[in-house]
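In: 3D model of this:
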Amino acid sequence: MTPTAASAGAEKTLAADAPFLIVMNAGSGRRQADATRTLLERKLGAAGRRFELRVVDDPRRLESVAHETAAAACAQEGVLVGAGGDGTLCTVAHAAHDAGCPFGVLPRGTFNYFSRDHGIPADLDQSTQILLDAHAYPVQVGFVNGRMFLVNASLGLYPRLLEDREIYKRQFGRSRLVALWSALFTMLKPHRHLRLHIDHEGSTTEIRSSTLFVGNNRLQMEQIGMPEEARALEQGLLVAIAPRPVGRLMHLWLSLHGAAGRLSDSDHVVSLTFERITVMHPSKRRRLIKIATDGEIAKLQMPLEFRVSDKPLFLLKPEPTVAEANRS
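Out: The predicted model follows:
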């Protein structure tokens, strides 16, 4: 196998006084934004590092603000930093990837799969210290059509699950328990199966499934009990997972297997590792379909091309041995 974009590139050297331009999604509340600003002023101020915090109150403006801030970061030879959950980080990381500037992370979400996989702690004080101490290492990102994802992308039942989860979060607050309960209720609702054709390395496979899930996160693969697929990510591949057509109770059973870290034990799940696949509807009609990328929902036109990016994202993170020890 040829070296991947993430593994072939060397770490990027930053100037000792490189400024941090930080984009924060204020969706989690103004109080969190104020607390973040206070800590940054104390921590970065003590280190003599310049920073600018741009708080986005309207989620519809996050993408445009991220690209504007990425351009400013490049002009100042600085670092673009995302503050928020995986969805926010993905939007800001996409802007950094497009602009070619280094990317930093201040995790402020519920699950924080991306930051945890790279050894960046959820504690704001500690993650801010990493911005000061870390080097920029190349990491792999995925794309579906023109949309980037850091953790996963999916179609079918999983986007519906995410939409239901947001409804529950607005009613009961943001927590892992609320997310798990909303997933349980969604699983028990009636759902239809997708019919898809997957083109991979010159051959076509037809699948019927409630969902197609494409992963790019070792931690998530390990947690659901798919260690071989997790190792494939380290080799520059993505992982596609699809449950076979089953009833609602069996679907719930599979979900519980995944929660217990034993999904690979099941005969009701198919998986595929790849650098690039094309997903089509059997009719080959160019139709719109809901896609979830790192928890954000969009409509994309089929066929869908899932691929590993040919260039890496340069992420500020601990050196590899420390990052591995910090993963949780």
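
In: C-alpha only now, for contacts and for neighbours.
Out: Will do.

In: Just the buried residues of stretch 217-234, please?
Out: In terms of neighbour count (16 or more other C-alpha atoms under 10 Å), stretch 217-234 has its buried residues at 217-227, 229-230, 232-234.

In: likewise stretch 40-47?
Out: Buried residues in stretch 40-47, counted by 16+ other C-alpha under 10 Å: 40-41, 43-44.

In: JSON lines for the residues you listed, including pLDDT, secondary structure and distance to Val65?
Out: Shown next, in JSON lines, are the buried residues of stretch 40-47 (pLDDT from 0 to 100; DSSP: H, G, I helix; E, B strand; the rest coil; distance: C-alpha to C-alpha, whole Å):
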{"residue": "Leu40", "pLDDT": "95", "secondary structure": "helix", "distance to Val65": "20"}
{"residue": "Glu41", "pLDDT": "95", "secondary structure": "helix", "distance to Val65": "21"}
{"residue": "Lys43", "pLDDT": "95", "secondary structure": "helix", "distance to Val65": "24"}
{"residue": "Leu44", "pLDDT": "95", "secondary structure": "helix", "distance to Val65": "22"}
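
In: Mind checking which of the buried residues of stretch 217-234 land in strands?
Out: Residues of those located in strands (DSSP state E): none.

In: now, which of the residues you listed sits nearest Glu11?
Out: Closest to Glu11 out of the buried residues of stretch 217-234 is Glu234 (16.7 Å), distances taken as C-alpha to C-alpha.

In: quick one, what contacts the closest one?
Out: Arg218 (C-alpha atoms under 8 Å, 6 or more residues apart in numbering).

In: before we move on, what about Arg192?
Out: Ser210.

In: I'd like the next helix or strand past the stretch of helix or strand Leu316 belongs to.
Out: When elements are assigned from DSSP states H and E, Leu316 belongs to strand 313-317. Downstream of strand 313-317, the next assigned helix or strand under DSSP H and E is helix 320-326.

In: Name the spans of the protein whose pLDDT lies under the cut-off.
Out: Low-confidence segments of the chain, defined by pLDDT under 70: 1-9, 28-29, 163-170, 172-191, 245-268, 328.

In: how does it divide into domains?
Out: Using automatic domain parsing, the domain parsing of the chain gives 5-140+311-326, 147-308.

In: Ranking those domains by mean neighbour count, which comes first?
Out: Most buried of the domains of the chain, by mean neighbour count (mean count of other C-alpha atoms under 10 Å): domain 5-140+311-326, with a mean of 19.

In: which stretches of the stretch 101-250 of the chain form helices?
Out: Here the stretch 101-250 of the chain has its helices, by DSSP state H, counting those that start in this stretch, at 113-117, 124-133, 157-172, 176-187, 218-223, 227-234, 248-259.

In: For the fifth one, list the C-alpha coordinates in PDB.
Out: Meaning helix 218-223. What follows is helix 218-223, C-alpha atoms only, in PDB (Å, rounded to 0.1, in the frame of the first residue of the first chain):
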ATOM      1  CA  ARG A 218     -10.400   4.600  15.700                       C
ATOM      2  CA  LEU A 219     -11.900   5.200  19.100                       C
ATOM      3  CA  GLN A 220     -15.400   4.800  17.900                       C
ATOM      4  CA  MET A 221     -14.600   1.600  16.000                       C
ATOM      5  CA  GLU A 222     -12.900   0.200  19.100                       C
ATOM      6  CA  GLN A 223     -15.800   1.100  21.300                       C
END
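
In: got the contact list for Gln76?
Out: Gln76 sits next to 18-19 when contact means C-alpha under 8 Å, 6+ apart.

In: Oops, could you answer that again for Leu80 instead?
Out: 20-23, 69-70, 73, 92, 96, 101-104.

In: what pairs with it across the strands?
Out: With DSSP bridges as the criterion, Leu80 is bridged to Leu21, Phe103.

In: ok, it to His97 distance?
Out: 10 Å (C-alpha to C-alpha, to the nearest Å).

In: Now do the shared contacts for these two.
Out: The contact sets of Leu80 and His97 do not overlap (C-alpha under 8 Å, 6+ apart).

In: Neighbouring strands of whichever strand or helix holds Ile297 in the sheet, and parallel or not?
Out: Assigned by DSSP H and E, Ile297 belongs to strand 296-301. Sheet pairing for strand 296-301, assigned by DSSP bridges, gives strand 288-293 (antiparallel).
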